[in-house]
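Novice: structure of the sequence below:
(one chain, ligands or ions: 1)
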Amino acid sequence: MPKKIYSLYSHFYDSLFGTLLHSGRCIASRLMDIQPGERILEVGIGTGISLPLYPRNAEIIGIDISKDMIKRAGEKKQRLGYSNVKLCITDASEMAFRNGYFDKVIASHSIAVIPKPFETLKEIKRVCKEDAEFFFLNYAGSNDNLVARFEKALSPIRCRLGLGKVIDLEELLYSANFKIDFKDRVNIFKLCQIIKCRNNGV
Ligand SMILES: C[S@@+](CC[C@H](N)C(=O)[O-])C[C@H]1O[C@@H](n2cnc3c(N)ncnc32)[C@H](O)[C@@H]1O
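Specialist: The predicted structure follows:
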C-alpha cells in the first residue's frame, strides 16, 4: 500500500507537505545537532524534503520503500550536490545495515505510515550505537477532546490516503524500550509532535 500511494504522492508531495511541515523539520534538524563525521539514518526519507537541512560533513543515509519517492530524493541530492548522501530503497522493518552502525536516526512523518511500526523501531535500535539519539516527528492530532474524537473517526480515511493512522507514538516508543528525553508540539496548530529519545535497553 505505501509503495503505490507514495508513487502517486511523489509528484506533488513537496507542494502539499513542504511549507506546511517545514518548521517542525527545522526544529528537528536543530535538535539533532549533527556533528562532523556522524552517521545519520533517515527512515522514510520520501522526496528528500529534509536534505537541504543536513550538513555536508556527515554521512547521511536515507531509506524509503517507494522507488518513486527515492527517485525524487535522488534528483534533489543531485541538484544540491550532496556527495555525502546515500539513498536506498529498503523496508525500514527489515534493514540490511549492520548492528550499531548509526549515531543518530530521524523518522520524520513516517512511523505512522509504515505498516510494521513496532518491528521498525526494533530495527532502528539494532542498527544504532548504544548511545545513539533518535528523533521522531509525527502527526499527533488535536489536544481538544472533541476535535480528537473527530480525528479518530476520520482515521480510516487517513489510512486510505496513505497519511497513516493516528498513533500514540509515546506509547509505542515505551513499548519498544525507548526512553523519551524531550518532546514538544510543533507545526501549524501544534498538530505534530517532535520526540527525542535514547535507547533504554534491548
Ligand atoms: C509521509 S512520507 C514522509 C516523508 C518525509 N520524511 C517528510 O518528512 O515529509 C512517509 C514515507 O515513508 C515511506 N515508507 C512507508 N513505509 C515504509 C517502509 N516500510 N520502509 C521505508 N519507508 C517507508 C513512504 O514511502 C513515504 O515516502
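Novice: could you pull out the strands for this structure?
Specialist: With DSSP state E as the criterion, the chain has strands at 39-43, 59-64, 85-89, 102-108, 128-139, 178-186, 192-199.
Novice: list the buried residues in stretch 176-194.
Specialist: A176, F178, I180, K183, V186, N187, L191, C192, Q193, I194 (16 or more other CB atoms under 10 Å). Where you see a C-beta, it was placed from the backbone N, CA and C, and this is true even at glycine.
Novice: quick one: it near the ligand?
Specialist: No: if you take CB under 6 Å from any ligand atom as the test, stretch 176-194 misses the ligand, and the best it gets is 10.2 Å.
Novice: which non-adjacent residue is nearest G62?
Specialist: I45 (3.2 Å; CB to CB, 6 or more residues apart in numbering).
Novice: run a quick neighbour tally on R160.
Specialist: Neighbour count of R160, defined by other CB atoms under 10 Å: 10.
Novice: tell me the pLDDT of it.
Specialist: As predicted, R160 sits at a pLDDT of 76.
Novice: could you do P2 as well?
Specialist: Reported pLDDT for P2: 66.
Novice: can we start the residue count at 578 from this point?
Specialist: Done: numbering now begins at 578, and the last item shifts to P579.
Novice: where's R633 relative to F712, distance?
Specialist: 20 Å (CB to CB, to the nearest Å).
Novice: what about the two, which has more around it?
Specialist: Using other CB under 10 Å, the more surrounded residue of R633 and F712 is F712, with 21 against 12.
Novice: just put the strands of the chain in a markdown table and tack on distance to P629 and mean pLDDT.
Specialist: Output for the strands of the chain, formatted as a markdown table (distance: least, CB to CB, whole Å; pLDDT from 0 to 100):
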| stretch | distance to P629 | mean pLDDT |
| --- | --- | --- |
| strand 616-620 | 13 | 98 |
| strand 636-641 | 12 | 98 |
| strand 662-666 | 11 | 98 |
| strand 679-685 | 13 | 98 |
| strand 705-716 | 16 | 96 |
| strand 755-763 | 18 | 96 |
| strand 769-776 | 18 | 96 |
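Novice: okay, angle between the lengthiest helix in the chain and strand 662-666 too, please.
Specialist: The residue-count maximum for a helix in the chain (DSSP state H) belongs to helix 644-657. Following axes from the mean of the first three to the mean of the last three CA atoms, to 10 degrees, one obtains 170 degrees for the angle between helix 644-657 and strand 662-666.
Novice: any residue of helix 644-657 up close to the ligand?
Specialist: Yes: residues of helix 644-657 contacting the ligand under CB under 6 Å from any ligand atom: M646.
Novice: who touches that helix?
Specialist: Helix 644-657 is contacted from outside by 580, 583-584, 586-587, 590-591, 622-626, 628-629, 639, 641, 662, 664-666, using CB atoms under 8 Å, 6 or more residues apart in numbering.
Novice: enumerate the residues of this structure near the ligand.
Specialist: Residues of the chain lying near the ligand (CB under 6 Å from any ligand atom): 579, 583, 594, 598, 602, 621-623, 626-627, 640-643, 646, 668-670, 685-687, 690-691.
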